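**Q** no sequence on hand, only this structure:
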DNA sequence: CGAATGTCAAACCAATTGATCAGATCAAAT
DNA sequence: ATTTGATCTGATCAATTGGTTTGACATTCG
């Protein structure tokens, strides 16, 4: 049984390596532009071996998308520290930005899929929309309670998404503009501070 | 001479058609994922005919990137109505959003190139950086004059870019969340209002 | 032991890729 | 009318694509 567990674990580890390689390749070239050879190279295995562990490129891509959705759900479902607007938004923005800077390729794959019309993402979006709708209700509640000024609760969420995700999508551009090396880390705390302030002050009644 | 002009014009018109088709294809699939066959189909010509007018896929892509940079320069160099922060930012945000909603594919091609490390964009970025630096100086001036609260002038620009571009990149997602048809127009005025308010109020001293 | 299962690589396959070529077509210039 | 040059097409190219097959090797289990 110990051996069996080891085997299953080795399989799972290799699968994680493959998934990571796939995310990197898909982030850089999209679904059509990604090649299984490229994924195999990044994973450090032969193309044949890769195809032994996956059923098809499209299938791997779909699995990556599911994985991403799962990560985002986790990120969103972590109970926020507080329920007042300021505490909640601070926490939310900080977490989103941390994720963007830590796993930029994940955001890139997602945006790449959206840019081509999100044909393989539509299945997940129904759940995502109801979640966004609940959040919109909460924001509307803040507005009604006079805690923040009147805003469109949906657009506010889109705006926060864009502010946080941009630092993943355009990290290369940001680094260049700031005169940083291509692989230099971005200043998470500073960015978080600036974005948070912009949003919080922008919502003052 | 008249005839010559006509010929040159026909050539140019066809070239514009090809460029538009290329932008659509590149926006959806990126450089590697785009196929010359797909571009030819969108342009309504045969693949052979396409290759008669272009020298290579990479070359066409580079030309598209140059074209995009030109469009953005024009957008930026139009003299703003006013020089005070509020007037300038209102104008700038409105123009950027108008462009994003009108030509979303242009923004998509640009982001797609950035996401893969922007190897064919670096040549343009030096000029772009000095322009951004000048804008940063102006913003710093506003801060020094107490017209807006202290902010990082560079990050403020990144944040405005992301707020405006997101409605091009993620138009599909936004439409879905708002329950709109895939080809329904987004409410430019409403979005402009919301984004402008968020930024202007977020900058109050 | 031996059968069965899991792991992997070399060779290979059909399809698509970007791109070329020789030649047909056509309008303009001589 | 003939020449010239640009435009356009069908056939075709070599290379790369995603994916399979065959078979060798190893590991596990009876």
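**A** Ah, there it is. Keep in mind it's a predicted model, so treat the numbers as computed, not measured.
**Q** for the helix or strand where residue A:27 lies, packing partners?
**A** In this structure, residue A:27 is located in helix A:2-33 according to DSSP states H and E. Using 3 or more Cβ pairs under 8 Å, 6 or more residues apart in numbering or on different chains; DSSP states H and E as the contact criterion, the secondary-structure elements in contact with helix A:2-33 are helix A:36-43, helix A:47-53, helix A:57-77, helix A:104-115, helix B:2-33, helix B:104-115. For glycine as for every other residue, the C-beta is placed from the backbone atoms N, C-alpha and C.
**Q** so which of those is nearest DNA strand C?
**A** Taking Cβ to the nearest atom of the strand, helix A:47-53 is the member of these nearest to DNA strand C, at 3.8 Å.
**Q** just to revisit the earlier point, quick one: work out the angle between the helix holding residue A:27 and helix B:2-33.
**A** 180 degrees (axes from the mean of the first three to the mean of the last three Cα atoms, to 10 degrees).
**Q** buried residues of helix A:2-33, list them for me.
**A** Counting neighbours by 16 or more other Cβ atoms under 10 Å in any protein chain shown, one finds that the buried residues in helix A:2-33 are A:18-33.
**Q** picking up where we left off before, kindly reformat the helices and strands packed on helix A:2-33 as TSV and extend each row with mean pLDDT.
**A** Supplementary listing: the helices and strands packed on helix A:2-33 in TSV, determined by pLDDT from 0 to 100:
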stretch	mean pLDDT
helix A:36-43	95
helix A:47-53	93
helix A:57-77	92
helix A:104-115	98
helix B:2-33	85
helix B:104-115	98
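**Q** out of those helices, which gets nearest to residue B:131?
**A** If you check each of the helices and strands packed on helix A:2-33 against residue B:131 by Cβ to Cβ, helix B:104-115 wins as the nearest, at 15.5 Å.
**Q** any residue of the closest one up close to chain A?
**A** Yes. Between helix B:104-115 and chain A, judged by Cβ under 8 Å from any Cβ of the partner chain, the touching residues are B:108, B:111, B:112, B:114, B:115.
**Q** got the angle for that helix vs helix B:57-77?
**A** For helix B:104-115 against helix B:57-77, the angle between stretch directions is 110 degrees (the same axes, to 10 degrees).
**Q** ok, and what's touching helix B:104-115?
**A** Around helix B:104-115, the neighbours that count as contacts under Cβ atoms under 8 Å, 6 or more residues apart in numbering or on different chains are A:27-28, A:30, A:108, A:111-112, A:115, A:169-170, A:172-173, B:23-24, B:26-28, B:30-31, B:64-65, B:68, B:71, B:99-100, B:120-121, B:165, B:167-169, B:171.
**Q** check the offset of it from the chain's centre.
**A** Going by Cα atoms, centre = their mean, to the nearest Å, the spacing between the C-alpha centre of helix B:104-115 and its chain's C-alpha centre is 8 Å.
**Q** what of stretch A:49-56?
**A** Worked out by Cα atoms, centre = their mean, stretch A:49-56 lies 25 Å from the chain centre.
**Q** identify all contacting residues around that stretch.
**A** Counting contacts by Cβ under 8 Å, 6+ apart, the residues touching stretch A:49-56 from outside are A:11, A:14, A:15, A:18, A:36, A:39, A:40, A:43, A:60.
**Q** show me the two of those residues that sit farthest apart.
**A** Maximum pairwise distance among the contacts of stretch A:49-56 (Cβ to Cβ): 18.9 Å, between A:11 and A:36.
**Q** interface residues of chain A facing DNA strand C?
**A** A:7, A:10, A:11, A:14, A:45, A:46, A:48, A:49, A:52 (Cβ under 7 Å from any atom of the strand).
**Q** which pair in the buried residues of helix A:2-33 has the greatest spatial separation?
**A** Set against one another by Cβ to Cβ, the buried residues of helix A:2-33 have their most distant pair in A:20 and A:32, with a gap of 20.5 Å.
**Q** still on that earlier bit, DNA strand D next: which of the contacts of stretch A:49-56 are close?
**A** residue A:36.
**Q** walk me through the domains of chain A.
**A** Under the assignment automatic domain parsing, the domains of chain A span A:1-54, A:57-202.
**Q** element containing the nearest residue to residue A:156 once chain neighbours are set aside?
**A** Nearest residue to residue A:156, sequence neighbours excluded (Cβ to Cβ, 6 or more residues apart in numbering or on different chains): residue A:139, at 6.1 Å. Here residue A:139 is covered by helix A:122-144, with elements defined by DSSP H and E.
**Q** what about residue A:194, how many residues nearby?
**A** Neighbourhood size, residue A:194 [other Cβ atoms under 10 Å in any protein chain shown]: 20.
**Q** how about it: what's its closest non-neighbour residue?
**A** In this structure, residue A:194 finds its nearest non-sequential neighbour in residue B:155, 4.6 Å apart by Cβ to Cβ, 6+ apart.
**Q** returning to what we had before: show me what the helix holding residue A:139 is packed up against.
**A** Under the contact criterion of 3+ Cβ pairs under 8 Å, 6+ apart, the helices and strands touching helix A:122-144 comprise helix A:57-77, helix A:153-169, helix B:171-177.
**Q** so which of those gets nearest residue B:128?
**A** With respect to residue B:128, and counting by Cβ to Cβ, the nearest of the helices and strands packed on helix A:122-144 is helix A:153-169 at 16.1 Å.
**Q** okay, the angle between the closest one and helix B:104-115?
**A** Computed with the same axes, to 10 degrees, the direction of helix A:153-169 lies at 40 degrees from that of helix B:104-115.
**Q** kindly report the residues of chain A close to DNA strand D.
**A** Chain A has residues A:3-4, A:7, A:34-38, A:47-48, A:51, A:55-58 near DNA strand D, with proximity defined as Cβ under 7 Å from any atom of the strand.
**Q** of those residues - the most surrounded one?
**A** Of all the residues of chain A next to DNA strand D, the most densely surrounded is residue A:34 (24 neighbours; neighbours counted as other Cβ under 10 Å).
**Q** count of residues packed around the nearest residue to residue A:23 once chain neighbours are set aside?
**A** In space, residue A:23 comes closest to residue A:105 once its chain neighbours are excluded; the distance is 5.0 Å by Cβ to Cβ, 6+ apart. Other residues near residue A:105 number 18, with proximity taken as other Cβ under 10 Å.
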